[in-house]
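>>> what follows is a protein structure lacking sequence information:
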């Protein structure tokens, strides 16, 4: 799926992520608090940047990887997995994890494959960045930690991974918090051209599609990441120490291969691994069952082509416009589909998918 870049989306570090997480945990209440010891209502506010580190990181063999991760909170607390995106790392949650830990949650923040201290156990393993592979990594991480079910939250790549886990392994997902960016998509949709202004926003993906792009990202990976931070969050006045803390994660020996394969696979320019074929089919199937692409002719302008294409997937609604994809809200704040020709809105039901895959009471 193509998504329009939201220039504020990665500013959720600290305040926004904490707010989303606290709101979600507060909403589901006792449904998440498996042990009855966590208290979502006790999560305080905090100024972003208050915390500088997680302390000692842990390592654990999980599936194909030896995963590096931060952990906070009581060992018997309800487990929460926080997943980062690109080009970011676990320090996106450096202010969030201690807040949740103080409320009684056991919080784990793993480096994704290709980041930080996470390494492949085999030098011969294919450095695969396709979505299903990253989701399998997190399931293996849960297995290694002997966690049967967890609340899974993420942004960007992490949001997509959380969405896939909720859709394909609902029995492992107590609840899911998805903040900005990717949802469950497909290579078929990724191959579809967008209007020029929308395509412009994805310049880096097309750069990565070339060998010059691979070499350029490898040579200038820190400069590249800093550029993306500034473009994506123009009002975020991060300092060098904040950036350098995260940029160290991009020195991982597999980082470039994972990033390049992820974006080339998304555009249909690189093959995945056959062992993930069934999962890819299942996630696309669940995508359509959860969202059911609804293509309808607009009743107001009676346009000759289907104008209303809405997607409800895991509680988020998107509709296409001339800029690509955007969230649509009705005047009352309810999700709505929007006809790009005349602007007619159509109310949509939301939350059905969350109830189905996570058992939430919305």
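Alright, I've got the coordinates. These numbers were taken from a predicted model, which means no experiment stands behind them.

>>> so, low pLDDT: which residues of the stretch 51-200 of the chain?
181-182 (pLDDT under 70).

>>> how about the helices of it, start to end?
96-102, 131-144, 157-168, 187-190, 196-200 (DSSP state H, counting those that start in this stretch).

>>> turn those into JSON lines, columns for mean neighbour count.
From N, CA and C alone the C-beta is placed, and that goes for glycine too. Formatted as JSON lines, those follow (neighbours: other CB atoms under 10 Å):
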{"stretch": "helix 96-102", "mean neighbour count": "23"}
{"stretch": "helix 131-144", "mean neighbour count": "21"}
{"stretch": "helix 157-168", "mean neighbour count": "26"}
{"stretch": "helix 187-190", "mean neighbour count": "14"}
{"stretch": "helix 196-200", "mean neighbour count": "13"}
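
>>> for those, which one sits closest to residue 241?
Among these, helix 96-102 comes nearest to residue 241, with 18.7 Å by CB to CB.

>>> packing partners of that closest one?
Applying 3 or more CB pairs under 8 Å, 6 or more residues apart in numbering; DSSP states H and E, one finds that helix 96-102 contacts helix 15-28, strand 65-72, strand 79-83, strand 106-110.

>>> quick one: closest of the helices of the stretch 51-200 of the chain to residue 234.
Per CB to CB, nearest to residue 234 of the helices of the stretch 51-200 of the chain: helix 196-200, 16.0 Å.

>>> the helices of the stretch 51-200 of the chain: which one's closest to residue 89?
Using CB to CB, the nearest of the helices of the stretch 51-200 of the chain to residue 89 is helix 157-168, at 10.6 Å.

>>> pretty sure residue 122 contacts residue 66?
No - assessed by CB atoms under 8 Å, residue 122 is found out of contact with residue 66, at 10.5 Å.

>>> so which of the two has more stuff around it?
residue 66 (15 against 9; other CB atoms under 10 Å).

>>> just give the nearest non-adjacent residue to that one, would you?
Closest residue to residue 66 in three dimensions, ignoring its sequence neighbours and counting by CB to CB, 6 or more residues apart in numbering: residue 119, at 5.0 Å.

>>> what segments of the stretch 151-300 of the chain are strands?
Using DSSP state E, counting those that start in this stretch, the strands found in the stretch 151-300 of the chain span residues 173-179, 294-296.

>>> deepest-packed of those strands, please.
Ranked by mean neighbour count, those are led by strand 173-179 with a mean of 24 (mean count of other CB atoms under 10 Å).

>>> list the neighbouring strands of that strand plus their orientation.
strand 150-155 (parallel) (DSSP bridges).

>>> what residues of the strand it pairs with count as buried?
For strand 150-155, the neighbour count (16 or more other CB atoms under 10 Å) marks 150, 151, 152, 153, 154, 155 as buried.

>>> neighbours around the spatially closest residue to the first one that is not a sequence neighbour, how many?
Here the nearest residue to residue 150 in space, its sequence neighbours aside, is residue 79; by CB to CB, 6+ apart that works out to 4.1 Å. Here the count is done by other CB under 10 Å, and residue 79 has 24 residues near it.

>>> and the furthest pair within the buried residues of strand 150-155?
Farthest pair in the buried residues of strand 150-155, by CB to CB: 150 and 155, 16.8 Å.

>>> now the spatially closest residue to residue 86 that is not a sequence neighbour: how far from residue 240?
Spatial nearest neighbour of residue 86, excluding adjacent residues (CB to CB, 6+ apart): residue 157 at 5.3 Å. In this view, residue 157 and residue 240 are 24 Å apart by CB to CB, to the nearest Å.

>>> same question for residue 196.
Taking CB to CB, one finds residue 196 at 35 Å from residue 240.

>>> show me where pLDDT drops low in the stretch 251-362 of the chain?
Using pLDDT under 70, the flagged stretches of the stretch 251-362 of the chain are 286-362.

>>> how does this protein divide into domains?
Domain ranges of the chain: 9-285, 292-356, per automatic domain parsing.

>>> just the ones you listed: most buried one?
domain 9-285 (a mean of 19).

>>> identify the residues contacting the residue nearest to residue 136 when sequence neighbours are not counted.
Distances taken as CB to CB, 6+ apart place residue 63 nearest to residue 136, at 6.5 Å, with adjacent residues excluded. By CB atoms under 8 Å, 6 or more residues apart in numbering, the contact list for residue 63 reads 136, 137, 139, 140, 141, 143, 144.

>>> kindly report the same for residue 284.
184, 186.

>>> perfect, that will be all.
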